[in-house]
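> pasting the structure only:
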Ligand SMILES: [Zn+2]
């Protein structure tokens, strides 16, 4: 079975027992939002106990507080009433395995999927690549406690974010499923 067929068949089953979920209101019932990484091992609905309609989950590579993530958070509170936000990065994040320089070099060579070896990512595909990667800030991570703290701090000090919104900074441990608080991020969240 192809991925497309698998997804459509899973959706058939999901829709067959959809029940009263069609009545859910648009604003998140539990009034909070999570910004987290797109990593396939992370399932925010499971690790944070969410059901449909409960919370906003904003995901990108690294769970970084990019301009676009902040755009979503601002809409989340301003129009849909969330009152508390979580920034959740995680251990063993792919974003720790390269830098802007590395991904720019890889993409300049080839658009095909790179391989990860002991010395980091390397190209196994053929060209051409593109120099466009130079114009993207890839928001890579060198230390995940630091990246959570930076992102909490950036959101906290953003002119469109009210001081009344608590922001919690956590690291999800992919080895055991636990959320671990980042004390520096907690401090950064208090600063106004
Ligand atoms: Zn990640």
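Structure received. Predicted, not measured: the structure shown is a model, and the values here were computed from it.

> For the chain, which segments count as helices?
Assigned by DSSP state H, the chain shows helices spanning 3-16, 44-47, 67-78, 100-109, 144-156, 183-190.

> Output these in a markdown table; the columns should cover mean neighbour count, mean pLDDT and distance to residue 137.
(Glycine included, C-beta is placed from N, CA and C.) Shown next, in a markdown table, are the helices of the chain (neighbours: other C-beta atoms under 10 Å; pLDDT from 0 to 100; distance: least, C-beta to C-beta, whole Å):
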| stretch | mean neighbour count | mean pLDDT | distance to residue 137 |
| --- | --- | --- | --- |
| helix 3-16 | 9 | 97 | 31 |
| helix 44-47 | 15 | 98 | 25 |
| helix 67-78 | 16 | 98 | 10 |
| helix 100-109 | 17 | 97 | 7 |
| helix 144-156 | 22 | 98 | 13 |
| helix 183-190 | 17 | 94 | 21 |
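
> between those, which gets nearest to the ion?
Within the helices of the chain, the stretch nearest the ion is helix 144-156; the backing value is 8.7 Å (C-beta to the ion).

> Give me the helices and strands touching the closest one, please.
Here helix 144-156 touches helix 67-78, strand 84-90, strand 167-172, helix 183-190, going by 3 or more C-beta pairs under 8 Å, 6 or more residues apart in numbering; DSSP states H and E.

> Say whether the ion is contacted by that helix.
No - interface with the ion: helix 144-156 contributes nothing (C-beta under 5 Å from the ion), its closest point being 8.7 Å away.

> between that helix and helix 67-78, how many degrees?
Interaxial angle of helix 144-156 relative to helix 67-78 (axes from the mean of the first three to the mean of the last three C-alpha atoms, to 10 degrees): 60 degrees.

> How about residues contacting helix 144-156?
Here helix 144-156 makes contact (C-beta atoms under 8 Å, 6 or more residues apart in numbering) with 35, 62-65, 70, 73, 85, 87-91, 93, 95-96, 141, 161, 167-171, 182, 184-185, 188-189, 191-192.

> Can you narrow these down to the ones near the ion?
The overlap between those and the neighbours of the ion (C-beta under 5 Å from the ion) comes to residue 93.

> Among the contacts of helix 144-156, name the buried ones.
Those of the contacts of helix 144-156 that meet the buried threshold are 35, 62-65, 70, 73, 85, 87-90, 93, 95-96, 141, 161, 167-171, 182, 185, 188-189, by 16 or more other C-beta atoms under 10 Å.

> which residues are there in this protein that come within reach of the ion?
Residues of the chain lying near the ion (C-beta under 5 Å from the ion): 37, 39, 93.

> Can you read off the pLDDT for residue 116?
pLDDT for residue 116: 93.

> nope, residue 191 is what I was after
82.

> Contacts only, for it.
With contact set as C-beta under 8 Å, 6+ apart, residue 191 has these partners: 153, 156, 157.
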